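# Coordinates for the following, if possible.
(2 chains)
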Amino acid sequence: MKAIVRRQLAAMTVILLGVIASVSPAEAQLLDRIKKAAGIAQRAAPAIITVSTEQEVEIGRGIAATIAGYYGIVQDPELTRYVNLVGLTVASVDPRPDIIYRFAVLDTDDVNALAAPGGYVFVTRGALALMNDEAMLAGVLGHEVGHVNRRHVVKEIQARARTELGLEEITEQINLTGGEYLEQTIQLGTTALFMGLSREDELEADAYGVEVAADAGYDPNGLTRFLNALPNAEKEHRSLLAKTHPDIDDRLDEVENAIDDLKTDAGTVTANERFKNRGTLETSSAEGG
Amino acid sequence: MRNVTLLSIVPSLVLVASLSAQDDIASVLDARRQAIPKEKRVFEETWLTPADGAAPTAEPIFAGRVVVFQDRPKERIEIRRVTAGELEDPIVIVSDGRGYYLVTRVGATDLISSEPIGDPFVQRVLRSPPGTIEPHRAVTDRDGTTAAIVLRHPREADFDEDEAFELKSPQVESSLLKKGLSSFSAAQDRHVAASAGARGVDEIETANGKVSVTPDPAAVQWMEEQSVPPLEFEEFRIEVRLAPYNDLPEQQTESPEA
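Numbering: from 1, shown residues only, chains lettered A, B, ... in the order given. Model (predicted):
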C-alpha cells in the first residue's frame, strides 16, 4: 500500500515538473510549493508511526512510573484528592473523552510540573510551596493538561523514534508498544520530558493553561503569579525547570498575550482560603490525611 | 354491597387519572416538539435542587445533568440524575420528529408508556423550554416552591445526526455526556494491570545529566486509585462558583417556569 502511494507521489512529481515548464511565474511558484509538499510527503512515506489512545496510555503509564521512581509520590490521599479536583476542573473545560486525567504530587523540593501522555499529570511539592492560591495551581495544571491534550510528548516520541529506534528503513506499521519497542519508547518519552519539549510546545501550553483556567472560572493571572514567584525558589530547586522551559520573560509575554485574548467575562476565582486549607502538605498531614 | 361498588370504582379512577396524566404529557411533548428552534444546536443543563429540609437560602445541591441535541424537528435528550447520593445510568429520550421514544441498549419504546415518564425529575426536564432561555432559571412546582435551579450552557453542535437520532441500534450515551460526568468517575476507570510498567533500572538523560532510576509502577497504581467521586467534583465547583456554576447567583431568585 505504501509502495503504491510512493509510486503515485513520484508520478505526480514528474507530471508537475513537466507542467512547470509551460506556466506563468506565479503559477510556477504555486506549483513549486506543491512539488515541495509532494517531496516532503514522499520522504515521510516509509516510516508510519501512529500512536493510538491505548498505546498512549500504556506509554504514559511507563513514563509516569519512571517519574514516580525518580522523585517519589506524596501518598497523601487528601492532598492528592484536592490536586485532582483542581486538575479535573481545568481539564473539564476542554476534555479528551478518550482518557482519564490523574493528578499527583511529587515528593521533591524541586519546583516543577510534568505531564506524561495519556493523562498522568504531576506537580511537585516544591511548586506547591511557591503558590498562595488555587488559581496559581489551576494555571500550572492547565499548562500540563495542555501538553496532554495536544499530545506534545507523543509528537516528540514519533519524531525521535524513526532515528533513535532505527526505524528509517522499516515500511510496515510500527507498533511502538509491542515487546521490544515499549521500553525504548518509554525511555524516549522520559528523555523528552527531562531534556525539555520544544519552545513552541511550552509556549502553547502556557497559553492553553491560561485559557482553560479562565474558562473554568479561575483568575487567569494565576500562572503569571506562579512564574513571577519562581525566582523565590532556591536556584538548585528550579534549575531543571529553567533548563527545560523557555526564559521566564518570554513565558510571561506569552501568558500576558493569552490573557489579553480572553473574553471579557473571564474567571475571577482565586480560592486562596481553600488552597491554604487543602493545598499545602503541612495542613493535610496535620489533619491526618 | 357498597364496599364492592367503591372497590370497583377505584381502579377506574386510577385509570382515568393515568389517562389524564398521559394526555398531559402528550401535550407537553407536542408543544416541546413545536418549540424546537430552527438551528442545529446542543446545550447542557446542570440541575440543582434545594437540600431536603434546608432553609431557602441554603446552598443548592447537584441533582443531575442534561444534554440536549436538537436538529428540528428531531431532538435527543440525555438525562443523568442523582438518586440516593449516586449518579444513575443515563435516561435517553429521542424524538424522530413525530414521537418521543425512550432509548435503551436494546432499542426504542414509546416514551409515554415507559416507566421514566412517571419520574418528576424527567417530567420537569421535558417541561423545560427547548428554545433559547436565560443561562440560569428557577423551576417552581405548582405550589410555588422552588423545585430546581437550572444552569444552561450552549455547547458546540458538531454531532452526527444519524447517530444522535438513531432509534434502531441506538448509541446510549454520547461522548458529550461522558465528558461532562463519567470520564472522571471510578466506574469508568480502565485500570492497567499492576505489573504493567514493571521494569528494571532505567538510565535517563536529564538536562542536569544522566541519572539511574528504578521505575515505581506501584506508585502509579496508587495514583490511579485516587479517583474523585462525581458528586464531590460537582460540590467542589459549586463551593466557589467555578464553571459551570459561575452563573449561579449567590442568592436564589424564584420565578415560575414558562
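
# could you show me where the helices are in chain B, in order?
Here chain B has its helices, by DSSP state H, at B:2-35, B:120-127, B:161-164, B:175-180, B:217-225, B:230-240.

# Now the weakest link among these, please, by mean pLDDT.
Here the lowest mean pLDDT among the helices of chain B goes to helix B:175-180, at a mean of 52.

# how near is B:Gln34 to A:Asp133?
To A:Asp133, B:Gln34 is 49 Å away according to Cβ to Cβ, to the nearest Å. Every residue, glycine included, has its C-beta placed from N, CA and C.

# More neighbours: which of those two?
Of the pair B:Gln34 and A:Asp133, A:Asp133 is the one with more neighbours under other Cβ atoms under 10 Å in any protein chain shown, namely 23 against 10.

# Just want the residue of the stretch 1-150 of chain B that's nearest chain A.
Residue nearest to chain A within the stretch 1-150 of chain B: B:Pro135 (11.0 Å; Cβ to the nearest Cβ).

# contacting residues around that residue?
B:Leu151, B:Arg152, B:His153, B:Asp247 (Cβ atoms under 8 Å, 6 or more residues apart in numbering or on different chains).

# I'd like to know how far it sits from B:Arg72.
From B:Pro135 to B:Arg72 the distance is 22 Å (Cβ to Cβ).

# chain center to stretch A:113-125, what's the gap?
Centroid separation for stretch A:113-125 versus its chain: 9 Å, with Cα atoms, centre = their mean, to the nearest Å.

# what about it, start to end distance?
Criterion Cα to Cα, to the nearest Å; first-to-last residue distance in stretch A:113-125 is 10 Å.

# Just the buried residues of it, please?
Neighbour-count burial for stretch A:113-125, with 16 or more other Cβ atoms under 10 Å in any protein chain shown as criterion, is recorded at A:113-125.

# Any idea how far stretch A:122-135 is from the middle of the chain?
18 Å.

# And for stretch A:93-107?
Relative to the mean C-alpha coordinate of its chain, stretch A:93-107 is positioned 12 Å out (Cα atoms, centre = their mean).

# cool, stretch B:41-49 as well?
Stretch B:41-49 sits 8 Å away from the centroid of its parent chain (Cα atoms, centre = their mean).

# Would that stretch count as contacting chain A?
No. In terms of Cβ under 8 Å from any Cβ of the partner chain, no part of stretch B:41-49 sits within range of chain A; the closest distance is 11.4 Å.

# Residues in contact with that stretch: which ones?
When contacts are defined by Cβ under 8 Å, 6+ apart, stretch B:41-49 is touched by residues B:60-70, B:81, B:121, B:125, B:128, B:147-157, B:159, B:176, B:180, B:234, B:238, B:244-245, B:248.

# mean confidence score for that stretch?
Across stretch B:41-49, the average pLDDT comes to 93.

# mind saving the C-alpha coords of that stretch as PDB?
The C-alpha coordinates for stretch B:41-49 follow below in PDB (Å, rounded to 0.1, in the frame of the first residue of the first chain):
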ATOM      1  CA  ARG B  41     -27.600  23.100  18.400                       C
ATOM      2  CA  VAL B  42     -26.500  21.400  21.600                       C
ATOM      3  CA  PHE B  43     -26.900  22.700  25.100                       C
ATOM      4  CA  GLU B  44     -26.100  21.300  28.500                       C
ATOM      5  CA  GLU B  45     -28.100  21.900  31.700                       C
ATOM      6  CA  THR B  46     -26.900  21.400  35.300                       C
ATOM      7  CA  TRP B  47     -29.800  20.900  37.700                       C
ATOM      8  CA  LEU B  48     -29.600  21.800  41.300                       C
ATOM      9  CA  THR B  49     -32.200  21.300  44.000                       C
END
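
# List, one by one, the residues from the stretch 101-250 of chain A near chain B.
Residues of the stretch 101-250 of chain A lying near chain B (Cβ under 8 Å from any Cβ): A:101-104, A:120, A:134, A:183, A:186-187, A:190-191, A:194-196, A:215-218, A:239-240, A:243-244.

# From those residues, keep the buried residues only.
Among these, the ones that count as buried by 16+ other Cβ under 10 Å are A:101-104, A:120, A:134, A:183, A:186-187, A:190-191, A:194-196, A:215-218, A:240, A:244.

# A:Ala266 is in contact with A:Ala216, correct?
No. The criterion here is Cβ atoms under 8 Å, and A:Ala216 misses it with A:Ala266 at 10.2 Å.

# hmm, back to that, sitting in strands, which of the buried ones among the residues of the stretch 101-250 of chain A next to chain B do you find?
In strands, defined here by DSSP state E, the members of those are A:Arg102, A:Phe103, A:Ala104, A:Tyr120.
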